[in-house]
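Visitor: Take this sequence and fold it.
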Amino acid sequence: MSANTPSRVHYHKQARELELGYANGENYRLPIELLRVFSPSAEVRGHGGDTAVLQVGKKHIGLQNITPAGNYALKLHFDDGHDSGLFSWNYLYELATHQDDYWRDYLQRLEDAGASREPSGIEVKSI
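Guide: Below is the predicted model of the structure:
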């Protein structure tokens, strides 16, 4: 088992955070919005170069399900229907340990685009 493999994963539905606990005592809580906007999927990252797609309106995003992908990753099923990215243990650890930098980058890109974290229009979710 890699040092970046959590020993515990817990979804806090009310707070919309994914908690990762590690054997060495490290513990991180990642906002689901952060995970959604930095999904490793081609739909978000694009297909190379400068083709990443800025994700907007994801402030209130949650998870419908979490499924393991072998012993190396999680597949997160977001409640907006997105579920095409595999979050490797290494990538989750990178997001967890550098989330302030990722947030700053995301917020700057939103500002540069004149976009918002808030959903546009009426949000409709099935329960």
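Visitor: and the most centrally placed residue in the chain, what helix or strand is that in?
Guide: Nearest to the geometric centre of the chain sits residue 35, at 0.7 Å (CA atoms, centre = their mean). Using DSSP states H and E, the element containing residue 35 is helix 32-37.
Visitor: what's the following helix or strand after the helix or strand bottoming out on mean pLDDT in the chain?
Guide: Lowest mean confidence among the helices and strands of the chain (mean pLDDT, DSSP states H and E): helix 42-45, at a mean of 80. Per DSSP H and E, the first helix or strand lying C-terminal to helix 42-45 is strand 63-69.
Visitor: Please, where are all the strands along the protein?
Guide: 8-12, 17-21, 27-31, 63-69, 73-78, 86-88 (DSSP state E).
Visitor: Show the model's pLDDT score for residue 76.
Guide: In this prediction, residue 76 carries a pLDDT score of 97.
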